[in-house]
Structures are given as structure tokens and as C-alpha cells.
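Student: Sequence plus predicted model, see below.
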Amino acid sequence: MVLKQWVSVDGVAARMTRSDARLSLPEVIFAVVSEALADARCTMDDIDGIVIAAHDLIDGRSLSSMITGPAAGAYLRDEIRVSEDGLVAISLAAARIQAGEAARVVVAAWGRPGEGDVERSSRAAFDPFTEQPLALSETVVSALRAAAYLREHSARGREAAAAARQERAAANPRRAPAAGARPPVYPLRPEEMGVPADVAAAVVLGTGAGPRITGVGHGTEPARLGERTLAALPGARAAVAAALARSGLRAHQLDLVELGGPTLFDEVLQLEAAGLAEPGTGLAGYAAGTWVNPSGGAAAGDCHPCGGLLRFVEAVRRRPGKALVVAGSAVASQTTTAVIIEEP
Amino acid sequence: MSDPLGIIGVGQTPYRKRNPGLSAGELVRIAVTEALADAGVGPDAIDCVIGGVAPDALSGIADIDKAAIALPGKPYFRINTGGATGSSALLAAKTWIEAGRGDVVLVVALERMGQATTAQSIFNTIFDPVYEKDFVLTTITMAALRATMLMRRDGFAGEHWAGIAARNFTQATLNPLVVGAKARSVQDVLDSPVLAWPIRRYEACPISEGACAVIVARGELARSRSTAWIRGTGAYSDTYAMGDRMRRPEGSLIEMVPLRRAADRAYREAGITDPLAQVDVLELQAPFAIIEAMAYPALGLSDIDGNRRFVEDVIAGRVPIAINPSGGAQAANPVSATALIRVAEAALQVRGRAGARQVPDARLALATGQGGATQFSTVVLLGSELP
């Protein structure tokens, strides 16, 4: 299906900190949205609508957008919020422009794991009778994925991939402080984990001269882990296939991919789902492909539900020719969104 | 709109305080199965599913929608704008289709607030944890503050709120989906205990659970069916702080500025110049009588300074518009779903399928959504005829 209206990325901004008590969450959001507007060389007067990705449990407050929405610019404007990853907000905001409902839209997402217990928060999303007693969390599911992957394939390239990931993160001047890295769960290793960070990211979408969103795709898997294939991500495969089809590109034409998974193995599974590595070769492909997560991915900083928007900002900042951004959303990547960005 | 779109299917569970015998997924299944049957399509026809669940804490589990609503193989995402969640999800479906992402979208909103120990203790957590939480701001006390402001400003009295509430509860007896509906008189409402003065128990919405599903489509699929055509929409958000809304040039707290702007936009799109004369049915997301009274001038039905007289005309049945024939949100208010229910009821009216609560010759119906501290507002105008 051909997009009715192309959508440009006019401005981006992101901040990563760790437990910075000097600013309240609304103050951080306001500052980052202001930076994105400045990057887009516009003011809030030029904005028609706001699309937010936020989660009450992460924000620590029910219906948190009551207080955070206005900080993102949702004052006497059209505003809508998804309780999903920030890349879903990009998709919906782009749709608003394609539909002719808005000319310029602010997308914002955030999270402050520094103020809470990430593992405990993620546990609340699992079934209270059949899953929570097993102490499932996002990290535990990532570990189960890693175990399934290693059992089905091999560990070939594992050390090289982890080293490459750490090197790319270390080279990222915007990386989060590494002091708060998540403790690993077997068989994951410390260098394969993500670094939880307090993140706020904002993007201004429009119809200007900036990089263009030429394809968007979504994929959905069953909710229950027992019904899923843990050594692959069919939802991500469907999302990427749809995004590529809409952009008219093939996977080998991509110059850069930013993958929004919480650990190395989640990122590798996304790489394989995108068709950029054969099943079982993703670790080696990750190590060799300098175009794979040049930002360092989650090793440079990560935060649900902001991970996808953070990866999107990193991709745009690197001015790629043709880029793919992929991010999973709750619960444990049950849904995945893929976005293609191209330089005009 | 180059290719008009509309609602081709509606499905609703009964709305009751608790559903201990049904899981969230089973509630959704009831509503979705009914909506698909009403539309005459199967699940394969659906291009995208959009879920609506508001505060996670009400159901006691985060992301309850993922197992209950999301359909594997179909694009899925969840909207959360508080009490406006259902109508915001509908607007997202409209966006999706008009962007060319698909032709048919299933919108499902689910509420399981009967699982919460007390709903108001959850609603207390929507307010500022440092400045407001300790003096027990809740949705009830928040509405009470607006009621007292109107009483002082315009001379409203308890009888006005009771008159609105009595009409809504009595009309709900014609709606089989409102489980346990009872006709109530003005005196019944005035005799009920005070929850937070001036709001009385029979003026406040009950705790309600349930699911609502609608199917939005365009093209031949819509033209070949009984369709409630989307004629106009609007959505606006306001600041959270009530103090900041007391004296400002855009309008005060009681003027519902975002609702007014949303209505103005929807009317413009639909070519409505005299809503009182042109709109046949209102379905208002007003869980308290005071919220309904504030909505009248915001929707252009009355002048803000003449609103008390208008409310008296409404109570006396002297206005040419049917208000909340379903009983409205005062009779059943499953928070996540309530704004989608208003849209669904409006769709049933213009499709002539509202059963005992059908308004004769209903051709144009307006549904509102209201979330946060009267902060998120939506308006959806549905018509029986192609735009």
C-alpha cells in the first residue's frame, strides 16, 4: 500500500541520565520537547498535535499523562497517548500526518527506572496466577530467549558480538552512565545486558525537508510465552516485512539498523527477523556489521517504553541513507514496530 | 473526506459491578463476537486492532489488554487517555484508515475496575503525590469542586443535579445492558447520602465492568451495510492544574475549553451551525450530573450565563434533543470503555438499532469522551446518511 503523504523527521532530541533528582519528570519532558522543537526550527505554535508513549507503572502514577502531557505540549491541542513503546507513537503520529489531520506533530516518550524497581514493574505485566509465581520479568524472558537461541543454534560469535556492542556503546557520546547496568540472569552475561537509564526523547514529524519515514510495519505475537517461539521473533519479522514492502526497499539496501531490544540476544533476534542475518548467524553478523546498532543499542542506555524512540533518534542523528529502526513493546516484545527512514 | 468511513458493527457486554465468572478475555470475546456478527464480517477482514484500557491499577495487572484484546498476526496497540480512552481509540482507528494503513479496524475497550479494592483509592493516585494526594482528591471530590463553583456563580442547587441524575437513571431502565438499573426520582437522589458535598450517592456513577467493541470501515464494505457515518470529530487536551484554569482568557475551569474546541471542530467538519436544532441525540461521557451540566454550553447548546435555565428546560423535557437515552455514564461507567460506549450507543441510534431506547428518526448523534480532570475531551458526530 502506498503512503498517502510522505512524512519527514524535522527535529529530534533525547536525554539520558541516571537518578538525577534535580529535575522533575515534567521538567525533563519540557526540556527535551523544547530541544526537539529547536532542532526542527519551530515553536509549539507550529504544532497541531501530540502523540505520547508512556506507561503509568513506569511513571509511578495512574493516568500519568494528566501531568506529563501538558509538559510535552498537550495544552489546548489534540493529544493522544499509547501505552506502548515510543516507536508505536511514531507510527501513529506519522499516520496522523498521512491522514491529513495534522501538518506537524510532536512525539514524546519517557521513563525513569532510576526512581523504581524495573524488574518489579515489568513483573506486574505477567499473569498473576500462571506467570508471576515463576518470577517472570522482561529480563527473565530475555534470558529464556538467549537459552533457546543457544540451544537451537550455537554460541559462535557471542563474545565478538558482545565486545562489538560494548565498543559501539563506549563510542557513543550520548550513552548513559553504565553504573546502573542490570544484573544478568543465566545464561545472559553482564556485557550482554542493557543499561537502564532515565530517558526522555522527543521527535517532531512534519512534511519538511528532513529524513523521510517511508515505511511502517507492525507485528503481533500471542501473549502467552508458551505459545511463542522463543528462538525467533515472528512478530518482528512481520513488522519489518511490512515496513520494507511499504518503502519499496529490500533488506540488503539498508545502510543502518537500530534495534531496540533489552539485551544482546533480543537485538540479534531482531536482526535475524529483519532478514539481515540467517537464523543462527546473528551473533556473528552483529559483530561484523558496523551498521548494526552503531549507537551501541541498549548497552548505551535503555528504558521501557522509550527504547524505540531513543533508537529512532539515534538513527536520525547518524544521517543514514536508508535506515531501519525496530523496537519491541510490552509484554516481552509481544508486539513489534518497524520504521524505515530515508534521506530525501 | 474523500472516502467516507463509519461504524459497521457494535458489540457490548452487559455492564455490571463485577464479573467474577468471566475473565477479561471472555468479556472481550463477547463484545467482539457480537460486533463481528453485527458487521457481517469475520476476523480475517480486520486489518488492525486498537485496544483501550485506562489506568492499569484499576484492573490490578499491567497491560491486561495484551492477553485479552491483542490478536496475533494483526497490528495492535493500546490507547490510554483516562475516561476518554475509548473515544480516543476510535479516533486512532479513523486516523489509521484515513492514512491508508488499512480499511477495517476493530476497536475494543475493556474495564475490569471491579477487581480494584476501592476505585476511589486508585483515582486518588491520578493526582499529585506531594501537593494533592493527602487531602483526598478523587474523581468525586474533583467533580464536587466544580459543582460548588457553578452553584456559587450561577445559583445552581442540588435539585438541578438531582434532576439530571434522575432522568439518566430512569432512562437506563430501557437499556438492558445496564444491569440492575432502577428508576429514580429527584427526591430519591436528594435523599441519598452525601459522598462529597454537593454530590450524593445517586448522582455519582457506579463501579462498572464490561467491554465494548466497534468496527470502523470505509469503502464498499461500509456502503453495503447499515453504517453510522463519521461526520465530524475533535479532540483536545487541557492543563491538569485546576488552579491554572480558574482565570484565563481561553475560559475557566467550568467552561470545559477542550470540549468546546473539540465540538467546534466536529461541527465545522459536519457543517453544523445550530447543534440544538440539528443534532438529534447526545450520548455524554458525564459520570456526574455537574459534568453533564457543564457540557451543555461547551457543546454550543446553551449560553454559559443562561445555562441554569437551559438545565431547567432539559429537566422539564423542553429541549428538542434526546440526551443519554442509554442512561449515559451516570448509569454505567466502565472507565476504560465508557467513551467508546457513548460512541457505540450513538451509532446504534443513527442505525436504528437501539431497541427500547431508540429515539425516533435519529439521524445525527453526538458522543463525547472525557478523561482526566475534565482534561481530555473528544467529540464524535455520527450520521445515518453519507457525508
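Tutor: It's in.
Student: Report how many residues lie close to the residue in the stretch 201-350 of chain B that chain A sits nearest to.
Tutor: Among the residues of the stretch 201-350 of chain B, B:S237 lies closest to chain A, at 3.7 Å counting by C-beta to the nearest C-beta. All C-beta atoms are positioned from the backbone trio N, CA, C, and that covers glycine. By other C-beta atoms under 10 Å in any protein chain shown, 33 other residues sit near B:S237.
Student: Three-state assignment for A:V141, please.
Tutor: Three-state assignment for A:V141 (DSSP: H, G, I helix; E, B strand; the rest coil): helix.
Student: gap between stretch B:304-317 and the chain center?
Tutor: Between the centre of stretch B:304-317 and the centre of its host chain there is 21 Å, according to C-alpha atoms, centre = their mean, to the nearest Å.
Student: next one: stretch B:256-276
Tutor: So, by C-alpha atoms, centre = their mean, the centroid of stretch B:256-276 is 16 Å from its chain's centroid.
Student: next one: stretch B:132-150
Tutor: Per C-alpha atoms, centre = their mean, the centroid offset for stretch B:132-150 relative to its chain is 20 Å.
Student: what does it contact?
Tutor: B:120, B:123-125, B:127, B:156, B:161, B:195-199, B:204, B:242, B:253-254, B:287-288, B:290-291, B:293-294, B:373-374 (C-beta atoms under 8 Å, 6 or more residues apart in numbering or on different chains).
Student: Surely A:A99 is in contact with B:G102?
Tutor: No. With contact defined as C-beta atoms under 8 Å, A:A99 does not count as touching B:G102 (12.0 Å).
Student: Common neighbours of those two, please.
Tutor: With C-beta under 8 Å, 6+ apart, A:A99 and B:G102 have no common neighbours.
Student: quick one: secondary structure of B:A367?
Tutor: Put simply, B:A367 is strand when judged by three-state DSSP.
Student: ok, now which ones touch it?
Tutor: Taking C-beta under 8 Å, 6+ apart, one finds B:87, B:282-285, B:339, B:342-343, B:345-346, B:379-380, B:382 in contact with B:A367.
Student: Equivalent analysis for A:A146, please.
Tutor: Here A:A146 is in contact with A:187-188, A:192, A:263, A:265 (C-beta under 8 Å, 6+ apart).
Student: ditto for A:W6
Tutor: Counted by C-beta under 8 Å, 6+ apart, A:W6 has contacts A:207, A:212-214.
Student: can you give me phi and psi for the residue nearest the centre of chain A?
Tutor: Central residue of chain A (C-alpha atoms, centre = their mean): A:G308, 1.3 Å from the mean position. Torsion angles at A:G308 (phi, psi; degrees, to the nearest 10) stand at phi -70, psi -40.
Student: isn't it right up against A:A338?
Tutor: No. Contact criterion C-beta under 8 Å: A:G308 and A:A338 do not qualify, at 9.7 Å.
Student: Before we go further, B:T233 is sitting in a helix, right?
Tutor: No. Per three-state DSSP, B:T233 lies outside any helix segment and is strand.
Student: Return the per-residue confidence for it.
Tutor: At B:T233, the pLDDT value in this model is 98.
Student: near chain A, anything from the strand or helix carrying B:T85?
Tutor: Secondary structure from DSSP states H and E places B:T85 in helix B:85-98. Yes. Judged by C-beta under 8 Å from any C-beta of the partner chain, helix B:85-98 comes into contact with chain A through B:88, B:91-92, B:94-96, B:98.
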